[in-house]
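*Asks:* just need the structure, nothing else, for what follows:
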Amino acid sequence: MKTRTQGTDPRIKDVAAAAVSFVAFLVLLLALPLVLSPGIGYLSAIVGFVIVVSVAGYFTIEKFR
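*Replies:* The predicted structure is shown next:
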């Protein structure tokens, strides 16, 4: 399948962004409850994950294509 972009296939970039987001979520999920109280830590991990996914989506759409 030909793409309009030059270089790496956009699907590869999407998978890489998802993998990095998942790893960031795991790190946040394990680290933040140790530093903060558990309820706030887990909520902060989810909010951080949403921010990481949003930034990854922005860069995938705007910067890489």
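*Asks:* assign the closest residue to residue 25 other than its chain neighbours to helix, strand or coil.
*Replies:* In space, residue 25 comes closest to residue 49 once its chain neighbours are excluded; the distance is 4.2 Å by CB to CB, 6 or more residues apart in numbering. To be clear about C-beta, it is placed using only N, CA and C from the backbone, and glycine gets the same treatment. For residue 49, the secondary structure call by DSSP: H, G, I helix; E, B strand; the rest coil comes out as helix.
*Asks:* now do the contacts for residue 49.
*Replies:* 21, 24, 25, 28 (CB atoms under 8 Å, 6 or more residues apart in numbering).
*Asks:* residue 45: neighbouring residues, count only.
*Replies:* 21 (other CB atoms under 10 Å).
*Asks:* can you pull out the low-pLDDT segments for the chain?
*Replies:* In the predicted model, the chain carries pLDDT under 70 at residues 1-7, 63-65.
*Asks:* quick one, longest helix in it?
*Replies:* For the chain, the helix with the greatest residue count under DSSP state H is helix 10-35.
*Asks:* picking up where we left off before, can you lay out the contacts of residue 49 as a markdown table showing neighbour count and distance to residue 34?
*Replies:* Shown next, in a markdown table, are these (neighbours: other CB atoms under 10 Å; distance: CB to CB, whole Å):
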| residue | neighbour count | distance to residue 34 |
| --- | --- | --- |
| 21 | 19 | 21 |
| 24 | 18 | 16 |
| 25 | 17 | 15 |
| 28 | 20 | 11 |
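*Asks:* what's the burial count for residue 56?
*Replies:* Neighbour number of residue 56 under other CB under 10 Å is 19.
*Asks:* that one touches residue 22, doesn't it?
*Replies:* No. Residue 56 is beyond contact range of residue 22, at 10.4 Å (criterion: CB atoms under 8 Å).
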